[in-house]
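In: need a 3D model of the sequence below.
(one chain, ligands or ions: 2)
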Amino acid sequence: MNTVTHILLGQTLSFTNDPFSTPLEDAVKLERRGAVALGQGKVLAVGAADDITVPQDAKVIDYGDALIMAGFVDAHLHYPQTGIIASWGKRLIDWLNTYTFPEETRLGDPAYAREIAARYFDLALANGTTTSLSYATIHPTSVDAYFTEAQSRGLRALTGKTCMDRNAPDGLRDTAQSAYDDSKALLEKWHGVDRLGYVITPRFSPTSTPEQLSALGALWAEHPDCLMQTHISEQHEEIAWVRDLFPDARDYLDTYEAHGLLGERAVFGHAIHLTEREEDRLKEVGAGLVHCPTSNTFIGSGIFETARMKAQGQRVGLATDTGGGSSFSMLRTMAAAYELGQLKGQPLHPAQLIWLATCGSAQVLHLADKIGNLDVGMEADLVVLDLASTPAIAQRSARAEDIWEAVFPTIMMGDDRATKAVWAGGKPVSL
Ligand SMILES: Nc1nc2[nH]cnc2c(=O)[nH]1
Ligand SMILES: [Zn+2]
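Out: Ligands and ions are numbered 1, 2, ... in the order given. Got it, this is the predicted structure:
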């Protein structure tokens, strides 16, 4: 028997289809005065408040005009870079060497890794992000720190030990064999425990030898239910470097494919400057591409063409890429995606932006049957957004003529002040 423990009242937003390929009226279900019934960590009912019966023992929480929707799913970030977010003036390779690698070295200290993991989840939850797919550092204890923190908060969370056996400083390199052994041990320890998922994680081709890529490809073949995440085609200098390092590869994607690191459960961060062959192959395989718009402008990488990639039939998610990205907020990230779309003459509709930050990312993570949408049977990970969280936003949303005009000012100008409440696994999160 499913016992309803909580009824949440407010405006509700659910997706019934992908708004990139389906007209809005058939893609989104909105209730002006909606209700969500929760119990056993799941969504048990969603509908018009008038249509939902409130069991006697259920606690009713009325959020007024606030928007109740699925919690945000951040499909690519680096929790170890929390402390160096917003570091000035470098492009990718310089940025890695100057800011990132020294900070990631510090996470070799398990106590520091625990401190940063806790800080990261505090910030993510304050911004309404309920699931994060993060990179860890090369240190196995950095994976333990992240999973332990997520587990204690009841979160669905994913990460993996970042593997690098070349072109990284002393103290931040493993080997092909130790990357395989450590990843395997962590996978066996954490994958499928509670709401946690292990992700096989070669950082990117420049920091892995062909031997290491092959070792991780072999591990993935032994555990095909895991995701594999890495970076691809973020900056032109990086692509040229990959060409030098892998002279026999057809292109950047081939450096992964040749080593068993391409498949439906692959999650590629950035994917900005792809060749036609790479785009065709990624689509054929059904791999996930993750758009990281604040990172792409912050590091000066280029413009991912979201609308074009979606029209091609690519699987696309959205992410902060903290700390190359300049924010912990998926609202800010949607705003950046909108602005980049404008630069390409392809403005994304607010429904498409929200879909990317929830359903789209969940699809890339192969978790769309569990998270990323407000629907019966889904895990109860929710964010409740105040659509009038600042005077500037409130005065604009006050004259809105429909929900999209009401929500767009929060997408463009909102931050953690818009997070009225967060629910994770059916429980309220204290913010
Ligand atoms: N933005 C970003 N790109 C990368 N490519 C390889 N590592 C990284 C990283 O940490 N951040
Ligand atoms: Zn990244």
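In: pLDDT score for the closest residue to residue 390 other than its chain neighbours?
Out: Nearest non-adjacent residue to residue 390, counting by Cβ to Cβ, 6 or more residues apart in numbering: residue 417, 6.1 Å away. Quick note: C-beta positions are derived from backbone N, CA and C, even for glycine. Note on residue 417: pLDDT of 98.
In: so who does residue 417 touch?
Out: 386, 389-390 (Cβ atoms under 8 Å, 6 or more residues apart in numbering).
In: now those in CSV, with neighbour count, secondary structure and distance to residue 258?
Out: Formatted as CSV, the contacts of residue 417 follow (neighbours: other Cβ atoms under 10 Å; DSSP: H, G, I helix; E, B strand; the rest coil; distance: Cβ to Cβ, whole Å):
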residue, neighbour count, secondary structure, distance to residue 258
386, 21, coil, 49
389, 22, coil, 49
390, 16, coil, 50
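In: find the closest residue to ligand 1 in this structure.
Out: residue 324 (3.0 Å; Cβ to the nearest ligand atom).
In: what sits closest to that residue if chain neighbours are left out?
Out: With Cβ to Cβ, 6+ apart as the criterion, residue 324 has its nearest non-adjacent residue at 4.1 Å, and that residue is residue 295.
In: check residue 292 too.
Out: residue 321 (3.6 Å).
In: who in this protein is up against ligand 1?
Out: Contact residues, the chain versus ligand 1 (Cβ under 6 Å from any ligand atom): 78, 92, 96, 100, 203-204, 231, 234, 295, 299, 321, 324.
In: so the residue nearest to residue 324 is in which element?
Out: helix 293-298 (DSSP states H and E).
In: which elements pack onto the next helix or strand after that helix?
Out: Where DSSP H and E defines the elements, the next helix or strand beyond helix 293-298 is helix 306-312. When contacts are defined as 3 or more Cβ pairs under 8 Å, 6 or more residues apart in numbering; DSSP states H and E, helix 306-312 packs onto helix 276-285, strand 315-318, helix 330-343.
In: how far away is residue 107 from residue 171?
Out: 11 Å (Cβ to Cβ, to the nearest Å).
In: between the two, tell me which one has more neighbours.
Out: residue 107 (26 against 13; other Cβ atoms under 10 Å).
In: the more buried one contacts residue 143, correct?
Out: No - using Cβ atoms under 8 Å, residue 107 is not in contact with residue 143; the gap is 10.3 Å.
In: which residues are in contact with both of the two?
Out: Both residue 107 and residue 143 are in contact with residue 136, where contact means Cβ under 8 Å, 6+ apart.
In: ok and the longest helix seen in the chain relative to helix 330-343, angle-wise?
Out: If you go by DSSP state H, the chain has its longest helix at helix 110-126. Here helix 110-126 points in a direction 70 degrees away from that of helix 330-343 (axes from the mean of the first three to the mean of the last three Cα atoms, to 10 degrees).
In: is the following helix or strand past helix 110-126 positioned near ligand 2?
Out: Later in the chain than helix 110-126, the nearest helix or strand by DSSP H and E is strand 129-135. No - using Cβ under 5 Å from the ion, strand 129-135 stays clear of ligand 2, with a minimum separation of 6.2 Å.
In: which elements pack onto strand 129-135?
Out: strand 72-78, helix 110-126, strand 156-160, strand 227-232, helix 361-364, strand 419-424.
In: export the second one to CSV, keeping only CA atoms.
Out: Extracted C-alpha coordinates of helix 110-126, given in CSV (Å, rounded to 0.1, in the frame of the first residue of the first chain):
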residue,chain,number,x,y,z
PRO,A,110,40.7,13.1,2.8
ALA,A,111,39.7,15.7,5.4
TYR,A,112,39.9,18.4,2.8
ALA,A,113,38.0,16.3,0.3
ARG,A,114,35.2,15.8,2.9
GLU,A,115,35.1,19.5,3.6
ILE,A,116,34.8,20.4,-0.1
ALA,A,117,32.2,17.7,-0.8
ALA,A,118,30.0,19.0,2.0
ARG,A,119,30.5,22.5,0.8
TYR,A,120,29.6,21.5,-2.8
PHE,A,121,26.4,19.7,-1.8
ASP,A,122,25.3,22.7,0.4
LEU,A,123,25.7,25.0,-2.6
ALA,A,124,24.1,22.6,-5.1
LEU,A,125,21.0,22.0,-2.9
ALA,A,126,20.7,25.7,-2.2
